[in-house]
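A.B. asks: Show me how the following folds:
(chains A and B)
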Number of protein chains: 2
Amino acid sequence: MNTFDKTVQLISTEIDQIDWSKEPRGLYEPIGYVLSLGGKRIRPVLTLMACNLFSDDVQVAVNTAIGLEIFHNFTLLHDDIMDRADVRRGRLTVHKKWNDNTAILSGDVMQITSYKFIAKTPSQYLKPVLDLFSQTAAEICEGQQYDVDFENRELVKAEEYLEMIRLKTAVLLGCALKTGAWIGGAGEEDAQLLYDFGINIGLAFQLKDDLLDVYGDEKTFGKKIGGDILCNKKTYLLIHALELAKGDDVTELQNWLLNSDENLSEQKIKAVTSVFDRLGVKTICEDKMQFFYSKAIAKLDKVAVLENKKQELRKLAEKLMFRND
Amino acid sequence: MNTFDKTVQLISTEIDQIDWSKEPRGLYEPIGYVLSLGGKRIRPVLTLMACNLFSDDVQVAVNTAIGLEIFHNFTLLHDDIMDRADVRRGRLTVHKKWNDNTAILSGDVMQITSYKFIAKTPSQYLKPVLDLFSQTAAEICEGQQYDVDFENRELVKAEEYLEMIRLKTAVLLGCALKTGAWIGGAGEEDAQLLYDFGINIGLAFQLKDDLLDVYGDEKTFGKKIGGDILCNKKTYLLIHALELAKGDDVTELQNWLLNSDENLSEQKIKAVTSVFDRLGVKTICEDKMQFFYSKAIAKLDKVAVLENKKQELRKLAEKLMFRND
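C.D. replies: Model (predicted):
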C-alpha cells in the first residue's frame, strides 16, 4: 500500500512531467501555467488510492487520474472567467494574465486533453470510465449553472443548495474513486460504495468550506475571511439564517444583503456573523457536515477489503474534514 | 445507397429529435437553440455517406455523426464569443441572446455532449474513433488560435494560412469521413484515402469561401460581400496581394488596411477588390482551390469500392466547390 503522501508525490511528478511547450504557444502555455499553480491534487490521489485498495499496481490508473485532474483545473479556469476572479492560489488567473479569449480557448483544449488522458484507460474499463466521466463532467456544468442561477434568486432551499454542491463538487470525487476502483479490479458493489463515500465526503468538504469562510483563521485559511458574506453567497449558513431569522434579525440580514459599500466590509462581516451566531446556524452546518462525514465512513466501512488497506483513505477523509485551510 | 438528400434528411431528423428540455434550463436551452439554427449538416452527412460506401446499414454511424455535428456547433458557439459576432445564420448568437457566461458554460456542456455521442460508437471502433476525434478537436482549437494569432501579425505566409485552415476547417471533414468509413467496415487504406479526400475538400472549401466573400453575389451568398476586406482578414487573397503588390499598389493596400472609417466601407471594398484584380490574386486563389479539389477527387478515385457507390460523394464535392452560398 502507498501512503497518501507517496501517492501525492507520485501523481504530482507525473503531472509535472507533461510537456506543454507545444505550438501554438498561446494555446498550450496557459494550461501549463494553470497546472503549475498546484492545488491539493485530491482527485487523482483518490483515483490512485481507490485503485490501490484492489491492486498493488497503481500505474495502470495514472492516465485516468491525470485526466480527472486536468478536467478539474479546466473547470476552475472557465469558472474564474465567469466569476471575474482575478486571483487563484495567490497568482493571476488566466483571463487576467492573458485575456478572456485565451482563457476560453485554452480551457476548451484542456477539456479535450482530459479526454485524451481518459482514453488511455486500460481498454477493458474504457467504456464505463468514459461514460461515468462524461456524465460527471456534464453534472459539474449543471452544478455551476445552478450556482449562477442561485445568485439571481431570492430564495434557495437547503436541499437545492446541497444538490448544487453535490453536482459542482461531490460527483467528481465519487467519479475519481469509482474509476480508480474499477481499474484496480473492484467488483461493482465496492466501486459503488467508494462512489458513495466520495459523494458524502464531497458534501461534507463543501460544508466545511462554508464554515471556514466565516469561522476560519485567516492565517491558516489562506484567503480573506468573510468573502462569501461580502458577495452575499447563498451558502448553507446564509440559507438557514434566512429561513430561521425573525423580527429584527430579518431586517438586519436584509439590510446587509443590500449593502455593498466597500467601506463597511468589516462591519458587514461582523454583523452577519453575529446574526449567524444568534441563530445557531454554525451548529446546523457542523451537524450536517458531520452527518455526511459519518455516512461517508459507513460506506467505506462496507468496502470488502482488509481494514488496514483502508487506513490511508480514512486518514485522508479526516484530513479533509478537520483541516484549517 | 442513400442519396445526399436522403442522408441530410435522415441526420436532420435524428438531430431534431434530441431532447434539450433538461434542467437546468439555462444550460441546455442554448444548445437546442444553436442546433435549431440549421446549417448544412455537412459533417454528419459525410460520416454517413462514407459509412454507406462500405455498409448498407448507416444507422450504426448515426451517434458518431451526431457527436461530430454537436462538436462543430460548439466551436461556432465559442468562436462567436471570441469574435464578438452578433449574428449567425440570421439569428442572434448565444452570447447576445443570453450572455457570455451562458455561452461559455453551454458550450462546455456541448463539448461533453459530443463526447457522449462519440462514446456510443460501436465498441470495436470506439478507441480509434475516440482518439481521432480528440486529436481533431484539439487541432480545431489550434487552428482557431492561429487564426487569432494571425490577426495580430503583420505578415502571414500562404503556407501558414493553409495550415491554419487545414486545422480549423479541413481536419473535421477528414475525421467525419474516416470515422464513417471505419464504422462501415472499411480497411485502413480506404479510410485514410477518405480522410485525405476530406482534408483536400476542406481546403478547397475554405478557399471558395475566401473567393465568395469578395466575388460572390450578395443575393445568393447570404452575407454582405466584402466582410473579410473590411476587417482586414488575412485571407488567401490578401496574403498574396500583400506579397505581389509593388509601388502604388503597396501604398494603396496599406492605406486601406489602416482605414477603418465606416463611412468609407463601400469605397474600401471597391478599392481593395481593384487591387486584387490588378494583381490577379483571384486566379491564384481559384487555381489553388482547383488544385486541392483535383487532389481530393484523385483520393476518392482510389477508394476501392464500386464507382457507382462514389457518385453521391462526387456530387457533394462538386456542390461544395461550385456553390454560390
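
A.B. asks: Count the neighbours of the closest residue to A:D80 other than its chain neighbours for me.
C.D. replies: Computed as Cβ to Cβ, 6 or more residues apart in numbering or on different chains, the closest residue to A:D80 that is not its neighbour in sequence is A:T93, at 4.2 Å. Where you see a C-beta, it was placed from the backbone N, CA and C, and this is true even at glycine. Counted by other Cβ atoms under 10 Å in any protein chain shown, the residues lying close to A:T93 total 24.

A.B. asks: For chain A, which residues score under the pLDDT cut-off?
C.D. replies: Where chain A drops to pLDDT under 70, the residues are A:222.

A.B. asks: Where do the domain boundaries of it fall?
C.D. replies: Domains of chain A are assigned by automatic domain parsing as A:1-184, A:187-325.

A.B. asks: close enough to count as contact, the residue nearest to A:D80 and A:A85?
C.D. replies: Yes: between A:T93 and A:A85 there is a contact at 5.6 Å, judged by Cβ atoms under 8 Å.

A.B. asks: Around chain B, pick out the residues from chain A.
C.D. replies: Within chain A, the positions near chain B by Cβ under 8 Å from any Cβ of the partner chain are A:23-24, A:26-27, A:78, A:81-82, A:100-101, A:104-105, A:107-109, A:111-113, A:115-116, A:119, A:123, A:126-127, A:130-131, A:134-135, A:137-138, A:141-142, A:144-146, A:148-149.

A.B. asks: still on that earlier bit, contact partners for the residue nearest to A:D80?
C.D. replies: A:L77, A:D80, A:I81, A:A85, A:D86, A:V87, A:A103 (Cβ atoms under 8 Å, 6 or more residues apart in numbering or on different chains).

A.B. asks: got JSON lines for the residues you listed, with secondary structure too?
C.D. replies: Listed next are these as JSON lines, based on DSSP: H, G, I helix; E, B strand; the rest coil:
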{"residue": "A:L77", "secondary structure": "helix"}
{"residue": "A:D80", "secondary structure": "helix"}
{"residue": "A:I81", "secondary structure": "helix"}
{"residue": "A:A85", "secondary structure": "coil"}
{"residue": "A:D86", "secondary structure": "coil"}
{"residue": "A:V87", "secondary structure": "strand"}
{"residue": "A:A103", "secondary structure": "helix"}
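
A.B. asks: What number of neighbouring residues does A:Q135 come out with?
C.D. replies: 14.

A.B. asks: ok so, going back, from A:L37, how far off is the residue nearest to A:D80?
C.D. replies: Separation of A:T93 from A:L37 (Cβ to Cβ, to the nearest Å): 9 Å.

A.B. asks: Give me the three-state assignment for A:L155.
C.D. replies: coil.

A.B. asks: Tell me if I'm right that it and A:Y161 touch.
C.D. replies: No: applying Cβ under 8 Å as the test, A:L155 and A:Y161 come out as separate, 11.0 Å apart.

A.B. asks: Compare those two and say which is more crowded by neighbours.
C.D. replies: A:Y161 (22 against 10).

A.B. asks: The more buried one sits in which helix or strand?
C.D. replies: Using DSSP states H and E, A:Y161 maps to helix A:158-165.

A.B. asks: and if you look at A:G198?
C.D. replies: With DSSP H and E as criterion, A:G198 is part of helix A:188-215.

A.B. asks: in that helix, what's buried?
C.D. replies: A:190-215 (16 or more other Cβ atoms under 10 Å in any protein chain shown).

A.B. asks: which is the next helix or strand following that helix?
C.D. replies: Next element after helix A:188-215 (DSSP H and E): helix A:218-221.

A.B. asks: which other residues reach that next one?
C.D. replies: A:L212, A:D213, A:K224, A:I225, A:N324, A:D325.

A.B. asks: one step back: most neighbours, which of the contacts of A:T93?
C.D. replies: Busiest of the contacts of A:T93 [other Cβ under 10 Å] is A:L77, holding 24 neighbours.

A.B. asks: now it, nearest residue through space, not along the chain?
C.D. replies: Nearest to A:L77 is A:G107, by Cβ to Cβ, 6+ apart, at 4.6 Å.

A.B. asks: what residues are up against that neighbour?
C.D. replies: When the contact criterion is Cβ under 8 Å, 6+ apart, the partners of A:G107 are A:F74, A:L77, A:H78, A:I81, A:V94, B:D108.

A.B. asks: Can you convert those into a markdown table and add a column each for distance to B:D5?
C.D. replies: Shown next, in a markdown table, are those (distance: Cβ to Cβ, whole Å):
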| residue | distance to B:D5 |
| --- | --- |
| A:F74 | 40 |
| A:L77 | 43 |
| A:H78 | 40 |
| A:I81 | 42 |
| A:V94 | 45 |
| B:D108 | 34 |
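
A.B. asks: Among these, which one lies nearest to B:F291?
C.D. replies: B:D108 (38.4 Å; Cβ to Cβ).

A.B. asks: counting contacts, what elements does the helix or strand containing A:R43 pack onto?
C.D. replies: Assessed by DSSP H and E, A:R43 sits inside helix A:42-54. Where contact means 3 or more Cβ pairs under 8 Å, 6 or more residues apart in numbering or on different chains; DSSP states H and E, helix A:42-54 is packed against helix A:4-16, helix A:62-82, helix A:171-184, helix A:188-215, helix A:307-321.

A.B. asks: quick one, which of those helices is nearest to B:L10?
C.D. replies: Using Cβ to Cβ, the nearest of these to B:L10 is helix A:62-82, at 33.7 Å.

A.B. asks: Specify the angle between the closest one and helix A:4-16 in degrees.
C.D. replies: 70 degrees (axes from the mean of the first three to the mean of the last three Cα atoms, to 10 degrees).

A.B. asks: List of residues touching the very next helix or strand once past helix A:62-82?
C.D. replies: Downstream of helix A:62-82, the next assigned helix or strand under DSSP H and E is strand A:87-88. Outside strand A:87-88, the residues within contact range by Cβ under 8 Å, 6+ apart are A:L37, A:L76, A:D80, A:T93, A:K96.

A.B. asks: quick one: strands adjacent to strand A:87-88?
C.D. replies: Taking DSSP bridges as the criterion, strand A:87-88 pairs within the sheet with strand A:91-92 (antiparallel).

A.B. asks: Going by neighbour count, which residues in the following helix or strand past the strand it pairs with are buried?
C.D. replies: Using DSSP H and E, the helix or strand that directly follows strand A:91-92 along the chain is helix A:94-97. By neighbour count on 16+ other Cβ under 10 Å, the buried set for helix A:94-97 is A:V94, A:H95, A:K96.
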